[in-house]
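Asks: This is the structure alone, sequence omitted:
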Ligand SMILES: NC(=O)c1ccc(NCc2ccccc2)nc1
């Protein structure tokens, strides 16, 4: 998977892939990151990339040039990659969209700053816009890093068996089960006995029951969307019986 990121702050984005799981994935060649800085493509000696908005109003708007030249340079290097603009008015990033992006070999992520980008560039060069939530950030770099992290985790080999993404919440449309580690006691709170039993089938059933129950409690909308099998419904009934009051 190759990410081409167009950003005025390349060092910010490289920070994501320098550590831990992502850093190892880059070292192993599973993930590739190339950044493109529009300031390197500006014609004027002040490397101007923004200007005041027509119609007046606060803030600045990113100019068509040198952004368009930068996008075309990235397209030339990352042939046939979709150009994705991170923007508050984009389509909401969710599991299905992450999984779809993980099918691409390359994506170009366009990070806006200021009040955004001249609309004519969006019309001409952007294939899709994505939003990570209903809030405005100082730039598209953090949303781009969220996209890269979520997508990279699905690239085969990035997560070792131990951290397998399939155990991740949302992988099967449910919230995650609770997790525990040593010590066995914290004050008067003990780890659920089933997790100490060594009975892997019982542990798997308990984890599914917890995931179903917690999803019902915290995100019933997800459960409605996903539906539950008869066996899962029985586990849910058990969960509810155990969580009365
Ligand atoms: N919610 C998001 O995903 C998001 C994306 C970008 C961003 N800031 C940059 C920007 C501001 C205005 C217009 C276009 C881009 N803030 C939040």
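Replies: Structure received. Nothing here was measured: the structure is a model prediction, and the numbers come from that model.
Asks: From now on I want contacts and neighbour counts done on CA atoms only, so please keep to that.
Replies: Fine.
Asks: what's downstream of the biggest helix by length in the chain, the next helix or strand?
Replies: The helix that spans the most residues within the chain, counting by DSSP state H, is helix 200-218. Downstream of helix 200-218, the first helix or strand assigned by DSSP states H and E is helix 220-226.
Asks: list the helices and strands that following helix packs on?
Replies: With contacts defined as 3 or more CA pairs under 8 Å, 6 or more residues apart in numbering; DSSP states H and E, helix 220-226 has these neighbours: helix 200-218.
Asks: Check the residue nearest to residue 214 when sequence neighbours are not counted and give its pLDDT.
Replies: Across the structure, with CA to CA, 6 or more residues apart in numbering as the measure, the residue nearest residue 214 apart from its sequence neighbours is residue 175 (6.7 Å). The predicted structure scores residue 175 at 95 on the pLDDT scale.
Asks: what about residue 175, helix or strand, and which?
Replies: With DSSP H and E as the criterion, residue 175 is inside neither a helix nor a strand.
Asks: any idea how far it is from residue 30?
Replies: Taken as CA to CA, to the nearest Å, the spacing of residue 175 relative to residue 30 amounts to 28 Å.
Asks: Also residue 200?
Replies: Distance from residue 200 to residue 30, by CA to CA: 32 Å.
Asks: Just want to know which of the two has more residues nearby.
Replies: When neighbours are counted by other CA atoms under 10 Å, residue 30 comes out ahead of the other of residue 200 and residue 30, with 16 against 12.
Asks: secondary structure class for that one?
Replies: coil (DSSP: H, G, I helix; E, B strand; the rest coil).
Asks: so who does it touch?
Replies: Residues near residue 30 by CA atoms under 8 Å, 6 or more residues apart in numbering: 1, 155, 157, 158.
Asks: Highest neighbour count among the residues you listed?
Replies: Within the contacts of residue 30, residue 158 tops the neighbour count with 22 neighbours, counted by other CA under 10 Å.
Asks: so what pLDDT did that residue get?
Replies: With respect to pLDDT, residue 158 scores 93.
Asks: Would you double-check that it falls in a helix?
Replies: No - Residue 158: not assigned to a helix; according to three-state DSSP it is coil.
Asks: what's it sitting at in phi/psi?
Replies: phi -70, psi -50 (degrees, to the nearest 10).
Asks: so who does the residue of the chain most remote from its centre touch?
Replies: Within the chain, the residue lying farthest from the chain centre (CA atoms, centre = their mean) is residue 188, at 37.5 Å. Shown here is residue 188, which makes no contacts under the criterion CA under 8 Å, 6+ apart.
Asks: And the contacts of stretch 8-28?
Replies: With CA under 8 Å, 6+ apart as the criterion, stretch 8-28 contacts 31-33, 35-39, 111, 141-142, 145, 149, 152, 157-159.
Asks: start to end distance for stretch 11-29?
Replies: End-to-end distance for stretch 11-29: 20 Å, by CA to CA.
Asks: Okay, buried residues for it please.
Replies: Residues of stretch 11-29 classed as buried by neighbour count (16 or more other CA atoms under 10 Å): 13, 14, 16, 17, 21, 22, 23, 24, 25, 26.
Asks: Could you give the separation of it from the chain centroid?
Replies: Its chain's C-alpha centre lies 15 Å from the corresponding centre of stretch 11-29 when counted by CA atoms, centre = their mean, to the nearest Å.
Asks: And for stretch 90-102?
Replies: With CA atoms, centre = their mean as the basis, stretch 90-102 stands 8 Å off its chain's centre.
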